[in-house]
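1. Need coordinates for the following:
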Amino acid sequence: MIGIDTNVLLRWVLHDDEEQAARARKVFEGAESILITDIVLVETVWTLRGKRYKATKEDIQALVISLLEEPNMVFESKQVIWSALNDFVANKPVKIAKDTKTADLADALIVNKTKRAARDRRLTYQGTYTFDRAELRIDGTIKA
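-> Okay, here's the model as predicted:
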């Protein structure tokens, strides 16, 4: 198994730098198993949702699903990613001042990783505390 950094995943997904995209493609084609850590996934989504690429929630959903379906992709916990993706997709916007905000995939991943960590340690999950009003719409969060 190999690991990849966010920039390798982005070049493979975006093909926006031909030389680096070709090198990233060789990495992906040559590896039997590729670990995409939670950090790499979150950084990738953060970059794609930013001002340069402006990916929509639907774009992110499609990307994450396609990565999860790749046979040689390995994740820290595929089930946690699926659960976080479902929470991210289902999350409705909340009005904050003159704007609206929705919880992002990172927010959903924080909640779902905490739930999983509690279960793995045979502890009772007692909630994830946050000040983020949009994140509070994810089941299991508690207003700090």
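2. max-length helix in this protein?
-> helix 105-120 (DSSP state H).
3. what's the residue lying closest to residue 96 once chain neighbours are set aside sitting at in phi/psi?
-> Nearest residue to residue 96, sequence neighbours excluded (CB to CB, 6 or more residues apart in numbering): residue 133, at 6.0 Å. All C-beta spots, glycine's among them, are computed from the backbone N, C-alpha and C. Main-chain torsions, residue 133, degrees, to the nearest 10: phi -60, psi -30.
4. Would you check that residue 133 makes contact with residue 93?
-> No: if you go by CB atoms under 8 Å, residue 133 and residue 93 don't touch, sitting 10.4 Å apart.
5. okay, and the common contacts of those two?
-> residue 101 (CB atoms under 8 Å, 6 or more residues apart in numbering).
6. Give me the neighbour count for the residue nearest to residue 96.
-> Applying other CB atoms under 10 Å, we find 14 other residues in the vicinity of residue 133.
7. And the helices in the protein?
-> Under DSSP H, the chain gives helices at 6-14, 18-30, 38-49, 57-69, 78-90, 105-120.
8. can you put those helices in CSV and add mean pLDDT, distance to residue 140 and mean neighbour count?
-> Formatted as CSV, the helices of the chain follow (pLDDT from 0 to 100; distance: least, CB to CB, whole Å; neighbours: other CB atoms under 10 Å):
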stretch, mean pLDDT, distance to residue 140, mean neighbour count
helix 6-14, 98, 27, 19
helix 18-30, 96, 34, 13
helix 38-49, 98, 17, 18
helix 57-69, 97, 20, 14
helix 78-90, 97, 9, 18
helix 105-120, 97, 5, 19
